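**Q** Sharing a model that was predicted from the sequence below.
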Amino acid sequence: MPPEAEARVRSRGHLGRRSVVLAAFSAVSVIAGGCMVGPNYARPAVEQPGHFKSQADTEAAPAFPTEWWRLYGEPELDQLIAAANASNQSLRQAVARVDQARALARVAGSFLYPTVAANPTYARLRSSGTRDSTITGQRVARGVDVDDWLIPFDLTYEIDVWGRVRRSFESARAQAAASADDVAVVQLTVQTDVARYYFLLRSLDAQTQILTDTVAAYREQVRVLSVQLRSGLVSPVVVYQAQAQLQATLSQLRDVERTRADQEHALAILCGRPAPSFAVASNPLHEASPPAVPAGLPAQLLARRPDVAEAEQVVVAANAQIGVATADFYPRFTLTSSAGFESASVETLFSWQSRVAAILPSISFPIFEGGRLRASLAATKAGYEQAVAAYVNQVLIAYGDVEDALTDLHAFSDEVGTQREAVGASQNYLRLAHVQYRQGLVDYLTVIDSERTLLANQLSLAQAVNLRMAASIHVIKALGGGWDSGSPPVALQ
């Protein structure tokens with residue numbers, strides 16, 4: 001057979017074997033498209049009560065606006081929450097974590113595709129002059145210098161027969177979703193904290209106003225009693241009693257002012273502002289009614305609370321990792337190939353005769369790992385059980401939060417009504433005490449007691465009004481606020 005014909009036959013034989021190998025790997029790739037080991041995700045079962053104990057009407061689900069704080073009709077609160085959404089540093093950290101998790105998910109997804117790299121090289125080689133030629137078989141008289149120009153394109157691809165790569169991508173996407181839900185958790189916490197601090201400042205402003213007015217009245221009382229003492233109408237004991245009451249009330253006023261300053265500094269941090277340049281104008285909170293918020297049904301919490309959604313995504317990620325650990329027990333198919341140009345001269349480097357190619361399919365079988373694979377699978381399953389327990393616990397916490405918030409709201413609403421009646425009774429007590437003191441029927445201690453009783457009840461009423469507002473904010477937070485599982489987190493400016 002002529003050499004040219006023999007070369008063509010050998011070439012056809014190589015091409016035939018290459019076609020068989022490629023066909024086999026193509027078949028494996030087709031099979032891989034529909035095969036994934038490991039369990040498919042199913043939401044863990046959680047007991048779902050039919051209704052909340054502390055809410056009589058649980059049929060209608062509340063439709064929260066995304067900007068739920070506007071229900072309170074407080075323009076200054078709107079501005080504070082807008083500042084917190086834009087500048088809160090905890091929220092910025094959470095958003096950065098989402099960006100990181102999404103980037104890592106893209107990294108995991110990239111393994112679904114082949115890796116192609118170009119690695120151009122140049123080498124100048126000199127052969128030994130004391131060895132036989134590999135071409136002629138004769139002794140080389142002298143060394144030979146050879147240039148080697150090589151431009152290969154290398155391809156590496158793991159054929160995902162058992163779904164190891166797809167399960168890894170599934171896990172990474174779930175982790176990214178959990179990070180996004182965590183942003184919603186942080187955001188809702190920041191927003192509700194801003195609202196609580198805002199109404200607390202207004203309550204402290206109301207207490208400051210009450211104490212300021214009381215101090216002014218006590219000063220006038222001390223002045224009048226001092227005049228009466230000089231006229232011999234009262235004893236020094238009465239004046240000392242009035243002065244002691246004045247100083248004690250001044251001390252209360254200073255303590256409330258200090259508390260307000262501290263709370264204003266905390267609000268500045270929430271809004272992402274330096275405390276020295278942050279101020280909230282005084283706005284006493286004497287009367288305020290929180291918006292009515294029906295609790296809906298307990299089962300709706302599974303879709304309305306971002307922390308529950310976050311816990312579930314952690315379960316999804318852990319479930320997918322079981323598939324990854326299971327796939328490690330099976331053979332791994334890898335396709336490696338290289339194609340490009342190689343020549344001893346730059347002028348002929350890109351000519352058709354300078355082409356080179358290679359294909360290296362491989363299969364890796366785990367035979368003995370010293371129990372590592374089984375231990376890894378057991379650890380992954382244990383991690384999944386932890387995630388399930390954490391999810392169920394988070395659902396139970398959600399139910400408890402709503403019950404606590406509704407109980408507090410009802411209790412503080414009743415307390416506000418009771419304290420209003422107490423203030424009215426204290427005002428009558430004070431009026432009658434003054435009348436009887438002027439008539440000489442009671443001593444001055446009765447007047448002081450009536451004044452202290454009125455002041456204590458006025459302060460308690462202001463605090464109860466604030467606690468009722470805080471409880472209403474707690475209800476909104478417990479119900480998930482205005483979070484929507486299909487909405488992205490608020491972008492920071």
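**A** Looks like it arrived, so ask away. Numbering: from 1, shown residues only.

**Q** What distance do you get for residue 288 to residue 480?
**A** Going from residue 288 to residue 480 by C-beta to C-beta, to the nearest Å gives 23 Å. All C-beta atoms are positioned from the backbone trio N, CA, C, and that covers glycine.

**Q** Who has more neighbours out of the two?
**A** residue 480 (26 against 18; other C-beta atoms under 10 Å).

**Q** ok, now which ones touch that one?
**A** Shown in contact with residue 480 (C-beta atoms under 8 Å, 6 or more residues apart in numbering): 64, 188, 301, 304, 305, 306.

**Q** tell me the contacts of the residue positioned nearest the centre of the chain?
**A** The chain has residue 182 as the residue nearest its centroid, 1.8 Å off, counting by C-alpha atoms, centre = their mean. Residue 182 makes contacts with 94, 97, 98, 306, 310, as judged by C-beta under 8 Å, 6+ apart.

**Q** Please name the nearest non-neighbouring residue to the last one.
**A** Leaving out its chain neighbours, the residue that sits closest to residue 310 by C-beta to C-beta, 6 or more residues apart in numbering is residue 181, at 3.6 Å.

**Q** List phi and psi for the residue nearest to the centre of the chain.
**A** phi -60, psi -40 (degrees, to the nearest 10).

**Q** So residue 342 belongs to a helix, correct?
**A** No: according to DSSP: H, G, I helix; E, B strand; the rest coil, residue 342 belongs to no helix; its state is strand.

**Q** and it, how many neighbours?
**A** If we define neighbours as other C-beta under 10 Å, then residue 342 has 14 of them.

**Q** how far away is the residue nearest to residue 310 from residue 364?
**A** Residue 181 is 37 Å from residue 364, by C-beta to C-beta.

**Q** Just want to know which of the two has more residues nearby.
**A** Higher neighbour count among residue 181 and residue 364: residue 181, with 24 against 11, using other C-beta under 10 Å.

**Q** For the more buried one, report the pLDDT, please.
**A** On pLDDT, residue 181 comes in at 89.

**Q** wait, isn't it in contact with residue 316?
**A** No: here residue 181 lies out of contact with residue 316, judged by C-beta atoms under 8 Å, at a distance of 11.3 Å.

**Q** and the gap between residue 425 and residue 275?
**A** Distance from residue 425 to residue 275, by C-beta to C-beta: 41 Å.

**Q** Residue 95 too?
**A** Residue 95 is 24 Å from residue 275, where distance means C-beta to C-beta.

**Q** These two: which is more packed in?
**A** Neighbour count, other C-beta under 10 Å: between residue 95 and residue 275, residue 95 has more, with 20 against 14.

**Q** Got the domain ranges for the protein?
**A** Here the domain parsing of the chain from automatic domain parsing is 28-112+161-329+373-478, 114-159+331-365.

**Q** Return the most buried member of these.
**A** domain 28-112+161-329+373-478 (a mean of 17; mean count of other C-beta atoms under 10 Å).

**Q** Quick one: the strands in the chain, in order.
**A** 115-118, 121-126, 145-159, 332-343, 355-364 (DSSP state E).

**Q** Show me what the last one packs onto, helices and strands only.
**A** For strand 355-364, the elements it packs on are helix 3-32, strand 332-343, judged by 3 or more C-beta pairs under 8 Å, 6 or more residues apart in numbering; DSSP states H and E.

**Q** Quick check: can you name the pairing partners of it and their directions?
**A** strand 332-343 (antiparallel) (DSSP bridges).

**Q** just how off-centre is the strand it pairs with within its chain?
**A** Distance, stretch centre to chain centre, for strand 332-343: 44 Å (C-alpha atoms, centre = their mean, to the nearest Å).

**Q** Now tell me what touches it from outside.
**A** So strand 332-343 is contacted by 25, 28, 32, 114, 118, 148-159, 161, 164, 349-351, 354-364 (C-beta under 8 Å, 6+ apart).

**Q** Do me a favour and average the pLDDT over it.
**A** On average, strand 332-343 scores 87.

**Q** between it and strand 121-126, how many degrees?
**A** Inter-element angle recorded for strand 332-343 and strand 121-126: 60 degrees (by axes from the mean of the first three to the mean of the last three C-alpha atoms, to 10 degrees).

**Q** what about the helices in the stretch 201-350 of the chain?
**A** 236-270, 301-304, 306-327 (DSSP state H, counting those that start in this stretch).

**Q** Could you list every helix and strand in contact with the first one?
**A** Contact analysis of helix 236-270 by 3+ C-beta pairs under 8 Å, 6+ apart lists helix 164-230, helix 444-478 as its packing neighbours.

**Q** Distance to residue 239 added to these, as CSV?
**A** Converted to CSV, the helices and strands packed on helix 236-270 look like this (distance: least, C-beta to C-beta, whole Å):
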stretch, distance to residue 239
helix 164-230, 5
helix 444-478, 9
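
**Q** Tell me who's in contact with residue 167.
**A** 36, 37, 38, 320, 321, 323, 324, 327 are the contacts of residue 167 under C-beta under 8 Å, 6+ apart.

**Q** if we go to 7 Å?
**A** 36, 38, 320, 323, 324, 327 (C-beta atoms under 7 Å, 6 or more residues apart in numbering).

**Q** Return the item of these having minimum pLDDT.
**A** Lowest pLDDT among the contacts of residue 167: residue 36, 85.

**Q** How much space separates the nearest residue to that one once chain neighbours are set aside from residue 328?
**A** Computed as C-beta to C-beta, 6+ apart, the closest residue to residue 36 that is not its neighbour in sequence is residue 163, at 2.8 Å. For residue 163, the distance to residue 328 equals 12 Å [C-beta to C-beta].

**Q** And for residue 91?
**A** Distance from residue 91 to residue 328, counting by C-beta to C-beta: 39 Å.

**Q** What of residue 380?
**A** From residue 380 to residue 328 the distance is 10 Å (C-beta to C-beta).

**Q** likewise residue 256?
**A** Noted for residue 256: a distance of 64 Å to residue 328, by C-beta to C-beta.

**Q** Stretch 73-89: how far from the chain's middle?
**A** Counting by C-alpha atoms, centre = their mean, stretch 73-89 comes out at 19 Å from the chain centroid.

**Q** likewise stretch 232-250?
**A** Using C-alpha atoms, centre = their mean, the offset of stretch 232-250 from its chain centre is 57 Å.

**Q** what's it in contact with?
**A** 211, 214-215, 218-219, 221-222, 225-226, 228-229, 444-445, 448, 451.

**Q** how about 6 Å then?
**A** With contact meaning C-beta atoms under 6 Å, 6 or more residues apart in numbering, stretch 232-250 is reached by 214, 215, 218, 221, 222, 225, 226, 228, 229, 444, 448.

**Q** Output the below-cut-off pLDDT ranges for the stretch 351-493 of the chain.
**A** Along the stretch 351-493 of the chain, the parts satisfying pLDDT under 70 run over 484-493.

**Q** and residue 157, what does it touch?
**A** Contact analysis of residue 157 by C-beta under 6 Å, 6+ apart lists 114, 335.

**Q** what do you get if the cut-off is 7 Å, keeping everything else the same?
**A** Counted by C-beta under 7 Å, 6+ apart, residue 157 has contacts 114, 115, 335.
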